[in-house]
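In: below: sequence and its predicted model.
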Amino acid sequence: MMTLNAKITDFLAQKRIAVAGVSRHPKGEAANFIYNKLRESGYNVFPVNPNAETVEGDRCYPNLKAISPPVDGVVIATRPEVAEQLVRECAEIGVTRVWMHRSFGAGSVSAAAAKFCQDNKITVIPGGCPMMFCQPVDFGHKCMRWILKLTGGLPQ
């Protein structure tokens, strides 16, 4: 079994990443922050929202299947019940890396979605935030990572 650090390193080594759950109204939305951070860090990032044509000035995709060629990884920043549908879509199109966003609170993590990933050879990071690891890490996310590590809140 891969360690958390190995999963994170592998996920962030990919260059084509979708962020599901971006909003047309980005103020304060975690998915939009993640999308912008990955884009600014040089990733080829694809926003996913079935109700938006554009997000952050970029073309938005209604689902993962609409992105061609498929992405290498997906950050899920949606409600947990949507995560279950998204990981099934990942399996259908051959995406083998999923990061379910969560900092404090429930976030996007679904136990059923995480189990589906494990059962279908999809590497899953069930919690945490890519912004706590994507370089350069801002001070706030360094603090968040430290607190979550200290309190046992980082995923396994």
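Out: Sure thing, it's come through. Numbering: from 1, shown residues only.
In: and the helices in this protein?
Out: Secondary structure of the chain (DSSP state H): helices located at 4-12, 30-40, 80-93, 111-119, 139-151.
In: dump those to TSV, plus mean neighbour count, distance to Y61 and mean pLDDT.
Out: C-beta coordinates here come from the backbone N, C-alpha and C atoms, glycine included. Formatted as TSV, the helices of the chain follow (neighbours: other CB atoms under 10 Å; distance: least, CB to CB, whole Å; pLDDT from 0 to 100):
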stretch	mean neighbour count	distance to Y61	mean pLDDT
helix 4-12	16	19	94
helix 30-40	20	12	93
helix 80-93	18	11	96
helix 111-119	17	20	96
helix 139-151	13	26	87
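In: next, count neighbours for S108.
Out: Neighbourhood size, S108 [other CB atoms under 10 Å]: 25.
In: look up how far I17 lies from it.
Out: Separation of S108 from I17 (CB to CB, to the nearest Å): 15 Å.
In: want to throw the helices of the chain into CSV with distance to T54?
Out: Shown next, in CSV, are those (distance: least, CB to CB, whole Å):
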stretch, distance to T54
helix 4-12, 26
helix 30-40, 12
helix 80-93, 20
helix 111-119, 27
helix 139-151, 27
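In: nearest to M132, out of those?
Out: In terms of CB to CB, the element of these nearest to M132 is helix 139-151, at 4.0 Å.
In: give me the residues contacting the closest one.
Out: For helix 139-151, contacts defined as CB atoms under 8 Å, 6 or more residues apart in numbering pick out 103, 128-129, 131-133, 137, 153-154.
In: tilt between it and helix 4-12?
Out: For helix 139-151 against helix 4-12, the angle by axes from the mean of the first three to the mean of the last three CA atoms, to 10 degrees is 150 degrees.
In: surely S110 and H101 touch.
Out: No: between S110 and H101 there is no contact under CB atoms under 8 Å: 11.6 Å.
In: between the two ends of stretch 60-77, how far is it?
Out: 15 Å (CA to CA, to the nearest Å).
In: pull out the buried residues from it.
Out: When burial is assessed from 16 or more other CB atoms under 10 Å, stretch 60-77 yields the following buried residues: 60-61, 64, 67, 70-77.
In: redo those as a markdown table? Include pLDDT.
Out: Below are the buried residues of stretch 60-77 laid out as a markdown table (pLDDT from 0 to 100):
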| residue | pLDDT |
| --- | --- |
| C60 | 96 |
| Y61 | 97 |
| L64 | 98 |
| I67 | 97 |
| P70 | 94 |
| V71 | 97 |
| D72 | 97 |
| G73 | 98 |
| V74 | 98 |
| V75 | 98 |
| I76 | 97 |
| A77 | 94 |
